[in-house]
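Peer 1: Quick check, what structure comes out for this input:
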Amino acid sequence: MSTTNSPVLPWKTKIILSILDVFSDAVRRTNGTINRRLINFMEPKVPANNIPFQGVKTSDVTIDATRNLWFRLFTPTETPSDVSLPVITFYHGGGFCLLSADAKAYDFVCRRFARKFPAVVVSVNYRLSPEYRFPSHYDDGFDTLKFLDEAKTENFGFPANADLSRCFLAGDSAGGNLAHHVAVRSGKADFKRVRVIGQISIQPFFGGEKLTESEIRLVNVPLIASERTDWMWKVFLPEGENKDHEAVNVSGPRAFDIRGVKYPETMVVVGGFDPLQDRQREFYEWLKRSGKEAKLLEYPKSIHAFYVFPELFESSLFIEEAMDFIRKVCDKVKN
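Peer 2: Residues are numbered from 1 along each chain as shown. Predicted coordinates for the structure are as follows:
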């Protein structure tokens, strides 16, 4: 646990974080709405590119145009065709109300995953709050798995060596929350081809009515200062609900009992300058108490979303740990 409230960061990272904070505050309105026009103007996006770049090609696949549900497919191009590739279904962060699968930051992240792991990455573009509240985000996340299970994926650009029987869920922040709830749903589903064997939970966005020690101590940190996260939860939850709702306080008094649910082996990633760290550790402990396989990975000097910044040393460490986790879980399935 960190004893100070200010991490040591490169100037480049500090500047980016400051810009992101200004952006987040500018687009959120006090009346519970969000300025999508300003977001579309300010948010850097990257088009899909079927020409390999940095060893990865991308394409966009529509699942349901009526709700703008689609995903960006990342396919590594330098892996031999006879090497079986796990499939990682990735859910982006943004407090359930910001960012997208074609956001520049997440295009970079998923391209890095596809190349380094290596794996086929399905980056899901789900509906956002406040226009859509709980459980729309979870519905979109689960329906993406259903699409992968039911569709002829080779018709949508999936390589022949993509192995849906070795499927991982992954997500950061709100995407980590979303991945957990999709994992619970998938554990009760009767999939034919998709087999969810692992989960990479990167600093998942959880909460609760009673503040934890780390939430009190790290109240004004970049990206997820308490004022911002309170607004995000308010516009995500059903009207009249509070932060002890089972979607938010997943291990709290209204937690869904997962002891009888098939749940994937999970790696929980925690940062020492993340106010959500106590929630994330409790999530890990709750998984263990529920009889699930779980691993806790801590980076004491890291901020929320540290892994998005390649200039941070811990970002590369995380990639190495994730590669090792995927390999070990896949080996267990083989054996």
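Peer 1: In this protein, what helix or strand scores lowest on average pLDDT?
Peer 2: Every helix and strand of the chain was ranked by mean pLDDT, DSSP states H and E. The lowest is helix 36-42, at a mean of 93.
Peer 1: Could you pick out the longest helix of this structure?
Peer 2: Identified as the longest helix of the chain according to DSSP state H is helix 313-334.
Peer 1: Surely residue 297 is in a helix?
Peer 2: No: counting by DSSP: H, G, I helix; E, B strand; the rest coil, residue 297 is not found in a helix; it is strand.
Peer 1: list the contacts for residue 204?
Peer 2: Residues in contact with residue 204 (C-beta atoms under 8 Å, 6 or more residues apart in numbering) are 171-173, 176-177, 179-180, 268, 276, 279-280, 283. To be clear about C-beta, it is placed using only N, CA and C from the backbone, and glycine gets the same treatment.
Peer 1: just to confirm, which helix or strand has it in it?
Peer 2: Under DSSP states H and E, no helix or strand contains residue 204.
Peer 1: Name the residue most distant from the centre of this structure?
Peer 2: Of all residues in the chain, residue 82 has its C-alpha farthest from the mean position, at 29.1 Å, by C-alpha atoms, centre = their mean.
Peer 1: Quick check: the residue nearest to it when sequence neighbours are not counted vs residue 326, distance?
Peer 2: Using C-beta to C-beta, 6 or more residues apart in numbering and skipping residues adjacent in sequence, the residue nearest residue 82 is residue 161, 7.0 Å away. Residue 161 sits 15 Å away from residue 326, going by C-beta to C-beta, to the nearest Å.
Peer 1: Equivalent analysis for residue 242, please.
Peer 2: Distance from residue 242 to residue 326, by C-beta to C-beta: 37 Å.
Peer 1: who has more neighbours, these two?
Peer 2: The residue with more neighbours, out of residue 242 and residue 326, is residue 326; 23 against 13, by other C-beta atoms under 10 Å.
Peer 1: need the contact list for the residue lying closest to the more buried one once chain neighbours are set aside.
Peer 2: If the residues on either side of it in the chain are set aside, residue 326 comes closest to residue 117, at 5.7 Å by C-beta to C-beta, 6+ apart. By C-beta under 8 Å, 6+ apart, the contact set of residue 117 is 86, 88, 322-323, 326.
Peer 1: next helix or strand past the least confident helix or strand of the chain?
Peer 2: Going down the chain from helix 36-42, the next helix or strand is strand 56-64, by DSSP H and E.
Peer 1: would you list the contacts of residue 204 in CSV and tack on pLDDT and distance to residue 128?
Peer 2: Output for those, formatted as CSV (pLDDT from 0 to 100; distance: C-beta to C-beta, whole Å):
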residue, pLDDT, distance to residue 128
171, 98, 14
172, 98, 16
173, 98, 14
176, 98, 16
177, 98, 14
179, 98, 16
180, 98, 18
268, 98, 25
276, 98, 20
279, 98, 22
280, 98, 23
283, 98, 23
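Peer 1: Now intersect these with the helices, please.
Peer 2: Reading helices off the contacts of residue 204 with DSSP H, I get 176-177, 179-180, 279-280, 283.
Peer 1: Pick out the most distant pair among these.
Peer 2: The span of the ones in helices among the contacts of residue 204, defined through C-beta to C-beta, is set by 179 and 279 at 15.0 Å.
Peer 1: If you count surrounding residues, which of those two has more?
Peer 2: Set residue 179 next to residue 279 and count neighbours by other C-beta under 10 Å: residue 179 wins out with 30 against 25.
Peer 1: mind checking how far the nearest residue to that one once chain neighbours are set aside is from residue 102?
Peer 2: Excluding the flanking residues, the one nearest residue 179 by C-beta to C-beta, 6+ apart is residue 171, at 3.9 Å. Distance of residue 171 to residue 102, computed by C-beta to C-beta: 16 Å.
Peer 1: Who has more neighbours out of the two?
Peer 2: When residue 171 and residue 102 are compared on other C-beta under 10 Å, the one with more neighbours turns out to be residue 171, at 27 against 20.
Peer 1: measure stretch 29-41 end to end?
Peer 2: End-to-end distance of stretch 29-41 (C-alpha to C-alpha, to the nearest Å): 17 Å.
Peer 1: swap in stretch 24-41?
Peer 2: Per C-alpha to C-alpha, stretch 24-41 runs 13 Å from first to last residue.
Peer 1: do stretch 292-303 as well
Peer 2: Its start and end residues considered, stretch 292-303 measures 27 Å (C-alpha to C-alpha).
Peer 1: Off-centre distance for that stretch?
Peer 2: The chain centre lies 15 Å from the centre of stretch 292-303; the measure is C-alpha atoms, centre = their mean, to the nearest Å.
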